[in-house]
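Engineer: Here is a sequence with its predicted model. Questions after.
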Amino acid sequence: MTLGLRERKKMATRQALHEAAVALSIEHGLDKVTVEAIADAAEVSRRTFSNYFASKEEALLHGDQQRVRQLVDAVRERPRSEPPWAALTAAAVGLQQRLGARDPHWVAQVRLVRRHPSLVARQVSAYASMEDELTAELAARGPRPMRARVMAAAFLVAMRVAVQEWLDRPAGTSLPDVMRESLDEMSTAFQ
């Protein structure tokens, strides 16, 4: 699907606001950053900010929502004949290999979220909103609805654990390898 100019501009504005929120929060600390400062840094009005995000926290976590959306899309693209957990694992590892792990803005954002319990709660909430889509995709592959929901939730937890574990490991550690390790640990429940 090709996006028109208007949609591309909207995406660019949303991304600029997200990047400004991350950069300012890292530089000054989340508590000292205002919506006005984010809007100024992205060179848009406060009203424009409000058209895209309800809060500075939402703007900051936009990148996570994008990654989870891409993950759901990657699962959707896996062959229907593939077992659900295998599809989840292959989609997650493949997506991470395409995105690359050491995006400094993403790593800084993850570290920032880690230091702020309120952001962790919002992040979990954002993941929960995508859990329904992931559950539907898994259920279409055959598991009972309850099992599909548990599998989707467990998968998202395993992904979050993998990223946190990866941050604690030495530089140069492969995030896809840590993801595989975390997903393998969780997979025993779904074999």
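Structural biologist: Cool, got the structure. All values reported here derive from a predicted model rather than from experimental measurement.
Engineer: For the rest of this, base every contact and every neighbour count on C-alpha atoms.
Structural biologist: Fine.
Engineer: residues contacting the closest residue to Ala41 other than its chain neighbours?
Structural biologist: Excluding its sequence neighbours, the residue lying closest to Ala41 (CA to CA, 6 or more residues apart in numbering) is Ala20, at 5.9 Å. For Ala20, the contact set (CA atoms under 8 Å, 6 or more residues apart in numbering) comprises Ile38, Ala39, Ala41, Ala42.
Engineer: Let's see if you can find the most crowded of these.
Structural biologist: Ile38 (27 neighbours; other CA atoms under 10 Å).
Engineer: That residue: which element?
Structural biologist: helix 35-41 (DSSP states H and E).
Engineer: average model confidence for that helix?
Structural biologist: Averaged across helix 35-41, pLDDT comes to 97.
Engineer: Show the subsequent helix or strand relative to it.
Structural biologist: helix 46-52.
Engineer: what sits up against the very next helix or strand once past that next one?
Structural biologist: Next helix or strand after helix 46-52 toward the C-terminus (DSSP H and E): helix 56-60. By CA under 8 Å, 6+ apart, the residues outside helix 56-60 that reach it are 17-19, 21-22, 33-35, 38, 53, 109, 119, 122.
Engineer: What's the first helix or strand after helix 56-60?
Structural biologist: Next in line after helix 56-60, if elements are assigned by DSSP H and E, sits helix 62-77.
Engineer: Skip ahead from that following helix and say which helix or strand is next.
Structural biologist: helix 84-99.
Engineer: one step back: of the contacts of helix 56-60, buried ones?
Structural biologist: The neighbour count (16 or more other CA atoms under 10 Å) marks Leu17, His18, Glu19, Ala21, Val22, Val33, Val35, Ile38, Phe53, Gln109, Leu119 as buried among these.
Engineer: okay, the fourth one: pLDDT?
Structural biologist: Ala21 is assigned 94 on the pLDDT scale.
Engineer: Spatially central residue in this structure, please.
Structural biologist: Asp64 (2.7 Å; CA atoms, centre = their mean).
Engineer: Could you find the closest non-adjacent residue to that one?
Structural biologist: Closest to Asp64 by CA to CA, 6+ apart is Gln123, at 7.6 Å.
Engineer: CA-only coordinates of the helix or strand hosting the one you found, as CSV, when you get a sec.
Structural biologist: Element membership of Gln123, judged by DSSP H and E, is helix 117-139. Provided in CSV are the C-alpha atoms of helix 117-139 (Å, rounded to 0.1, in the frame of the first residue of the first chain):
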residue,chain,number,x,y,z
PRO,A,117,7.8,2.7,36.9
SER,A,118,5.0,4.9,35.6
LEU,A,119,6.4,4.4,32.0
VAL,A,120,6.7,0.6,32.6
ALA,A,121,3.0,0.6,33.5
ARG,A,122,2.1,2.6,30.4
GLN,A,123,4.3,0.3,28.3
VAL,A,124,2.6,-2.8,29.6
SER,A,125,-0.8,-1.1,28.9
ALA,A,126,0.3,-0.4,25.3
TYR,A,127,1.4,-4.1,24.9
ALA,A,128,-2.0,-5.2,26.3
SER,A,129,-3.8,-3.3,23.5
MET,A,130,-1.8,-5.3,20.9
GLU,A,131,-2.4,-8.5,22.8
ASP,A,132,-5.9,-8.7,21.4
GLU,A,133,-4.7,-8.6,17.8
LEU,A,134,-2.0,-11.1,18.5
THR,A,135,-4.5,-13.4,20.2
ALA,A,136,-6.8,-13.2,17.1
GLU,A,137,-3.9,-14.1,14.8
LEU,A,138,-2.9,-17.1,17.0
ALA,A,139,-6.5,-18.3,17.3
